[in-house]
Structures are given as C-alpha cells and as structure tokens.
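# This is a predicted model, with the sequence first.
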Amino acid sequence: MFLGFPNPGLICYMNASLQSLLTLTEFVEDIRSQEDVLALCPEAQLIRCFLNIVKCRSSADSRLKLEAVMKFKRVLSLQAVEFGCGGMKDAHEFLTAVLDQIRNLVLPLSKTAACMGRSYSCPVQRHLLFKMQNTRICKGCGVRSIREEEFTTLSLDVIPGGSVQDMIHMQHMERELEFRCQCGGNSSGLESRLLTLPKYLILHLKRFKFTKNRVMIKLVDPIVLSREMLVTAHQGDQSYGLISVISHVGSSARKGHYVSDGLHPDCRMEDGADRWLHFNDIYVLETSGEMVSKWNSEESYVLIYQRRA
C-alpha cells in the first residue's frame, strides 16, 4: 500500500497527525467540495496544500509526497514559527495549530465565496468545534463567574488504569482553583461541562507534565482505551466510536516516535468491519481496532472519536 508519508528526519509528528486528519472522511470531503472557492482565495494556501496531500496520498511517488508534506509544513510555519525549524515537535500542538489556522480563514474564504455567489462552510467549525462552559465558584462568598469557550480538542488528565470515559467524567467534576476573589477569599471551585458536541471529538491525553524541578516527564500509565462511549452534554447524550489514535512511542518527552492508527479508508464506522491501518511514516500495515485498543494503552496520546448516527 502506498498511503504512507516519507520521513527525511524528525517529522513523524506531522505524518501521524496528517494521517489522523485524513481518517476524518466527512472533514476531508467538505474541503474537496469547496476546491473552487479555495483556488481563488490567496490566503487559503494552507488548505490548498492539505488538499494536495489528499490527492497524492495514494501515489507511489515518495518524492511527490515529500514535496507535498514539506510545503504544508513551510506554509503552516509562516504563522506557527515553532514548526519552521527542525527537531522533534509535539503532535497535539501541531494538530491544534493546523485546525486554528484553518478556522482563521473563515472571513477571507467567506468573502471569496460571496463574490462567486456561493457560501463557504468551515470544515473545522462544522465537524470539530464544540462549546464548553466553565463556572468558577468562590468558596468564601459563593459568587459565580460563568464563561463559555469554543474548542477543537479536549485535554484530559490521565487516570492510571481508568477508561477514557472515566477521564471525561473527571473533567466534569469540581476542581480546586487558586483565585483571589474581591471578598478576600483565595480558594474557588471550577466546574466544567460540555454544552455542544462535534461530529469528530478529539481528545488529548496529558501524558507529558513538568515536575517540581521543571523537568518534563512522560506518564506511561496504562489506560482502558474505550472503543465505544457515551458522552454527556447540555444538548443531550451522544454515542461515539473510536476511529483514530496518535501514539507517542518512547519513554520521555525529548525522545520518541509518533505513529498513527486509523479506520481503513475502505470502511465506515457504521459497517461494523474492524479493519484499521497502522501508519509508521512510509510504512503502512493492516491491523484491527481491537489490536489498536489493546496495544496502545500506554502510548496513546491523541484520540479521535466519531459521533454515531
């Protein structure tokens, strides 16, 4: 199979992230369907580069694909300068930068589409964006401060031996927060809840953290990689199925290698077929969702779930 991407050196984080994005069928098709609008908008170079990767993904020409992914990296780094230099980068930070830059193109693309008598639909807002409500409660006077925010990824604390469902539940529980209130109190509680849910829910597991000595370490605690789960939100409960996993293989933050696993492009989640692909840069192997959930309990870093109909 020719679906892999070459790695001339330390871009595994980008290859793994791109493979996971390409697993999001409706996200990719949404971009494809608006190619004529993208072609006429000078600011939309990043999305055009992504579309070029989509087109050459199955090519046997490694040089062609290398040119495509490196051009994507160069364009992204015009605004996200940390990705312009060499060296290992964080896959979650890369993925977030990509989605943020695509979101920021809504205005110029909407103007271009309007000039064509069309309308533009942002694929990130349509398929990946969700809204959360954070409520801060002063322990002294009980005053509440409510803030609503939009996100494309949900970061979760790792619970050793816990399931992904457990981590989402813990995210909703009240947490202690140091905050000085006007009443003089220094302690508050923070409650978070999901207001809306996206088509594709991206979860970031906080496997890297700083010690008291400011040394970054990796948490290799095994978790239960839930393949199916029910997510509660203000708009109602939704059922989700796992379709992609980005894993960091290695014992520390400074060393390691990123790989990706995703639902086979010939399959849909509704089919019930357990065919997956394992992406390790240029190498692609067939696997199953059962094997992915079993062997990635200690290395899983970014999880993508798709909402069931």
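Cool, the structure landed.

# which stretches of this structure form helices?
12-22, 25-32, 35-39, 45-56, 62-76, 91-103, 106-115, 123-127, 164-172, 289-295 (DSSP state H).

# Just send those helices back as TSV, with mean neighbour count, mean pLDDT and distance to Thr152 too.
All C-beta spots, glycine's among them, are computed from the backbone N, C-alpha and C. As requested, those are exported to TSV (neighbours: other C-beta atoms under 10 Å; pLDDT from 0 to 100; distance: least, C-beta to C-beta, whole Å):
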stretch	mean neighbour count	mean pLDDT	distance to Thr152
helix 12-22	24	97	11
helix 25-32	16	97	11
helix 35-39	15	97	20
helix 45-56	18	98	15
helix 62-76	17	97	15
helix 91-103	20	97	5
helix 106-115	15	98	13
helix 123-127	19	98	6
helix 164-172	17	90	16
helix 289-295	16	93	23
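
# Quick check: which of those is nearest to Gly241?
helix 289-295 (8.7 Å; C-beta to C-beta).

# what sits up against the closest one?
For helix 289-295, contacts defined as C-beta atoms under 8 Å, 6 or more residues apart in numbering pick out 225-227, 242, 245, 261, 263, 274, 276, 278.

# Tell me the most packed of the residues you listed, by neighbour count.
Within these, most neighbours by other C-beta atoms under 10 Å means Asp261, with 29 neighbours.

# related to what we said a few turns ago, how about JSON lines for the helices of the chain, with distance to Ser187 added?
Below are the helices of the chain laid out as JSON lines (distance: least, C-beta to C-beta, whole Å):
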{"stretch": "helix 12-22", "distance to Ser187": "39"}
{"stretch": "helix 25-32", "distance to Ser187": "42"}
{"stretch": "helix 35-39", "distance to Ser187": "50"}
{"stretch": "helix 45-56", "distance to Ser187": "44"}
{"stretch": "helix 62-76", "distance to Ser187": "41"}
{"stretch": "helix 91-103", "distance to Ser187": "31"}
{"stretch": "helix 106-115", "distance to Ser187": "40"}
{"stretch": "helix 123-127", "distance to Ser187": "37"}
{"stretch": "helix 164-172", "distance to Ser187": "20"}
{"stretch": "helix 289-295", "distance to Ser187": "39"}
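
# mind checking which of those is nearest Pro198?
helix 123-127 (6.2 Å).

# before we move on, the earlier item: looking at the helices of the chain, which is nearest to Thr211?
Taking those one by one with C-beta to C-beta, helix 91-103 is closest: 19.9 Å.

# So Cys12 is in contact with Tyr258, correct?
Yes: using C-beta atoms under 8 Å, Cys12 is in contact with Tyr258, at 4.4 Å.

# Now for Arg307, how many residues are close by?
16.

# Return the distance of the residue nearest to Ser163 when sequence neighbours are not counted relative to Thr23.
Among residues not flanking Ser163 along the chain, Val224 sits closest, at 3.8 Å (C-beta to C-beta, 6 or more residues apart in numbering). Separation of Val224 from Thr23 (C-beta to C-beta, to the nearest Å) stands at 22 Å.

# between those two, who's got more neighbours?
Thr23 (24 against 15).

# Can you tell me how far the closest residue to that one other than its chain neighbours is from Gln45?
Computed as C-beta to C-beta, 6+ apart, the closest residue to Thr23 that is not its neighbour in sequence is Gly262, at 3.6 Å. Going from Gly262 to Gln45 by C-beta to C-beta gives 26 Å.
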